[in-house]
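J.: give me a model of this one.
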Amino acid sequence: MKTYALMAALLVSGASAAGTLVVAGSGEPVTLESGNAHDSVSMLVQRQIYDRLIGVKPGTAELAPGLATSWAPNANATSWTFTLRRNVKFHDGTPFNADAAVFNLRRWWDKNDPNGLRDAGRLFTVVPDFLGGYKGEKNAVVKDVVKVGEYAVRVDLTRPNTVFPVQMSASYWGMSSPTAVKAQGAKYGTPAGTAVGTGPFMFRSWVTGDRVTLAANRGYWGVKPRVDALIVRNIKDPSQRLNELRAGTVDIASDLQPDDLKAIQADKNLVLYRRPSFNLGYLGLNNRNEYLKHPKVRQAISLAINRRAIVDAFWYGLGTTDTSIVPPALKWATSSRVPADYPFDPAAAKKLLAEAGYPNGFSIDLWYMPITRSYFPNPKASAEAMAADLADVGIRVNLRTSDWAKYLEDLFAGRLSMYQIGLIGDYGDPDYFYGALYNPTSTNDIGWNAPEVGTLLEQARAGLTREARAQAYARVHELTYAAGYRLPIVHSQSVAAARTYVKGWVLSPFSSEPYNTVSLVGKK
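T.: Numbers count the residues shown, from 1 in each chain. Presented below is the predicted three-dimensional model:
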C-alpha cells in the first residue's frame, strides 16, 4: 500500500508540475531591473524572478521571512540587522550571501556606486520616494550598509524607523545577481539583456510588445513552481484579455472590467476572483499650472466632480469614494476632522472660480491613462465623465493621453497639468500611500512640497505605538486634504478570473503575486 501511495503522490506531483501557465498582463513592463520601476506590470514579472529580504504571507500583507530569515532593530530602531538565508543561489549559480545583499543595497542607495549604472540612466527613484534620498543627502533614511558576517547585513539609519522592515518587503527590492549585473551593464533588465534573481521563475526572453517568457526554477529554496514555464503576455485591452481567457489562449487575467462580472460568472469554464481593495485612484493637479496654483480653483474642481456618480457608473459596486488617500483597511491613519467624502456642488464651484478671477472658466488638458488598472478600469470613459462635470462649471477640458512609458515619464517630470493616476499598495502600512505621494522627493508631479508634512511622516515612521503614528498621520491627512493637489476618486476591488483548471492561485492585496503555487490540473 505504501508503494502505491508513493506512486500516486509522484504522479500527482508530476501532473501539477506540467504545462505552461499563460497570464494576460495589462501592458508592457517598463523594466525588469529591480529598484527601477513603479508600475504594476513590471512588478508582476519581477515578483516571479526576484526575492526580497522580507516577504509576505500569501494572500496577506503580513511579513514573512524571505532571503532574510530574521531581522531585529537596535534599542531605538536606528539600525536593523538581517540574518540571511543560507544555501540559496541566483539563477546563474552565483551564491546569495551578505556580499550579494550589500551589492544590491549599495547600488540602489549610493549614487556613486560603480554598479549603479547611473551613466546609463538608472535612477532607482524608489530610494528617494520611500527612503528619503540617496547616500549623503539631507533627507536620506539609510546612513550605511554593513556586512557583519557571511550571512548577516546591518543597515544603519539616520533616524529611528520602526517601519523599515515593512518598507523592505515591497516588491521593488528584489535581489539581483551581482555577476549578471556586472556582465550585462546597461542591458540588464531590458529586452536586450536578462534579469537574474533567486525567485521561483527564471528569465528566458522578452519580446517587446508581445510577451515575457520565464522557466521554472527547479532549485528554488521556497515552494517550487508547479508549472514548467510562465508566459506573461502584453494585452492592454481588458476586453481582449477576457476574450482570450474565454477562448482558453490565456489561463489567468487580472484588471478586468467591473461590468464583466456577470459574463464571468455565467461562463462555466471560468472562476471569478476579486482582489481586495488596497489601492487609490486619484486626480492629480500640478501647482505649476497657471490655473491650478490657485487654491480656490483646486477646490472648485473638487466640488465640480460628481465622484459618487462616476464610481457607480464605472466600478459597478466594486468601488468606494472618500477623502483619504489610504484605503479603508488603513482607516486608523486618517483624521476624524476631515469630512468623510467630498460634496458635489457645481454652484459653489462656479462661485469659487469667479472669486479666483475666472468667471468664464478656462481651458486645460486632462490626461487619462492609456492602460487599465483596478483603480481606473475604464480610464477614458471616466475622464470623459470628469470632463463633462468640469464643463458644467466652465472648465473646458482637452482630453489627452500617450503611451504608458511616456505618460509616466511626463507625470514624474511634472509636465502634466491635470491627470489620472493611482497606486496599489505594495506593503501593508499607511507609510506606503503617504510616503509615495507626499515624501519630499515624491511630489515633483504636483509641484508642491510642505516641510510640515515631511516632518510628520518622519514622526509616524519613528512612532513606537499605533496611537503615536495615528496622530501624525491624522495631521498629514488634514494638511493634504486642505491643499487639494491629489483628489481621491476611488478605492476599489479589482476583477480577475481564471480557467477552472487553474488551482492554487492566491490573490495578494497588492498588485500581483508569485505564481509558484499555481498548478494546471487537467489543462488540455
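J.: got the contact list for residue 65?
T.: Neighbouring residues of residue 65 by Cβ atoms under 8 Å, 6 or more residues apart in numbering: 54-55, 85. All C-beta atoms are positioned from the backbone trio N, CA, C, and that covers glycine.
J.: try it again with 10 Å
T.: For residue 65, the contact set (Cβ atoms under 10 Å, 6 or more residues apart in numbering) comprises 53-55, 57, 71, 83, 85, 222.
J.: tell me which helix or strand residue 55 sits in.
T.: For residue 55, the host element (DSSP states H and E) is strand 54-56.
J.: that strand - contacts with which helices or strands?
T.: Judged by 3 or more Cβ pairs under 10 Å, 6 or more residues apart in numbering; DSSP states H and E, the packing partners of strand 54-56 are strand 63-65, strand 68-73, helix 164-168.
J.: quick revisit: what's the farthest-apart pair in the contacts of residue 65?
T.: 57 and 83 (18.9 Å; Cβ to Cβ).
J.: of those two, who's got more company?
T.: residue 83 (18 against 12; other Cβ atoms under 10 Å).
J.: need the nearest residue in space to residue 368, chain neighbours excluded.
T.: Residue nearest to residue 368 in three dimensions, not counting chain neighbours: residue 383, with 3.6 Å by Cβ to Cβ, 6 or more residues apart in numbering.
J.: where's residue 57 relative to residue 169, distance?
T.: Look at residue 57 and residue 169: by Cβ to Cβ, to the nearest Å, they are 11 Å apart.
J.: re the thing from before, what strand or helix carries the residue nearest to residue 368?
T.: Counting by DSSP H and E, the element that carries residue 383 is helix 379-391.
J.: now do that helix, average pLDDT.
T.: Throughout helix 379-391, pLDDT has a mean value of 98.
J.: next, the buried residues of that helix.
T.: 379, 382-387, 389-390 (16 or more other Cβ atoms under 10 Å).
J.: now those as a markdown table including distance to residue 523?
T.: Putting the buried residues of helix 379-391 into a markdown table (distance: Cβ to Cβ, whole Å) gives the following:
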| residue | distance to residue 523 |
| --- | --- |
| 379 | 33 |
| 382 | 36 |
| 383 | 39 |
| 384 | 40 |
| 385 | 40 |
| 386 | 42 |
| 387 | 44 |
| 389 | 46 |
| 390 | 48 |
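J.: which stretches in the stretch 301-450 of the chain count as helices?
T.: 307-315, 346-355, 379-391, 404-412, 430-438 (DSSP state H, counting those that start in this stretch).
J.: next one: the stretch 1-150 of the chain
T.: 2-16, 40-49, 98-109, 126-131.
J.: cool, the stretch 151-300 of the chain as well?
T.: Taking DSSP H, counting those that start in this stretch as the criterion, the stretch 151-300 of the chain carries its helices at 164-168, 178-184, 238-247, 261-266, 295-304.
J.: next one: the first one to chain centre, how far?
T.: What it means is helix 164-168. Computed by Cα atoms, centre = their mean, to the nearest Å, the separation of helix 164-168 from the middle of its chain amounts to 15 Å.
J.: with stretch 388-396 instead?
T.: Centroid displacement of stretch 388-396 relative to its chain, using Cα atoms, centre = their mean, is 32 Å.
J.: and if you look at stretch 421-438?
T.: 8 Å.
J.: then stretch 366-374?
T.: For stretch 366-374 - counting by Cα atoms, centre = their mean - the centre lies 15 Å from the chain centre.
J.: and that stretch, C-alpha only, in PDB?
T.: Once non-C-alpha atoms are left out, stretch 366-374 reads as follows in PDB (Å, rounded to 0.1, in the frame of the first residue of the first chain):
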ATOM      1  CA  LEU A 366      -6.800  66.400 -18.700                       C
ATOM      2  CA  TRP A 367      -4.600  63.400 -19.200                       C
ATOM      3  CA  TYR A 368      -6.100  59.900 -19.000                       C
ATOM      4  CA  MET A 369      -4.200  56.700 -18.600                       C
ATOM      5  CA  PRO A 370      -3.600  54.600 -21.700                       C
ATOM      6  CA  ILE A 371      -3.900  51.300 -19.900                       C
ATOM      7  CA  THR A 372      -6.400  49.900 -17.400                       C
ATOM      8  CA  ARG A 373      -5.800  49.500 -13.700                       C
ATOM      9  CA  SER A 374      -8.100  48.400 -10.900                       C
END
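J.: tell me the confidence at the spatially closest residue to residue 179 that is not a sequence neighbour?
T.: Ranked by Cβ to Cβ, 6+ apart and with sequence neighbours excluded, the top spatial neighbour of residue 179 is residue 94, at 4.4 Å. Note on residue 94: pLDDT of 98.
J.: state the distance from residue 94 to residue 176.
T.: 10 Å.
J.: the more surrounded of the two?
T.: residue 176 (27 against 17).
J.: would residue 464 count as being in a helix?
T.: No: according to DSSP: H, G, I helix; E, B strand; the rest coil, residue 464 belongs to no helix; its state is coil.
J.: I'd guessed it sits against residue 76; true?
T.: Yes: using Cβ atoms under 10 Å, residue 464 is in contact with residue 76, at 9.2 Å.
J.: so what sits against both of the two?
T.: With contacts taken as Cβ under 10 Å, 6+ apart, residue 464 and residue 76 have 160, 162 as neighbours in common.
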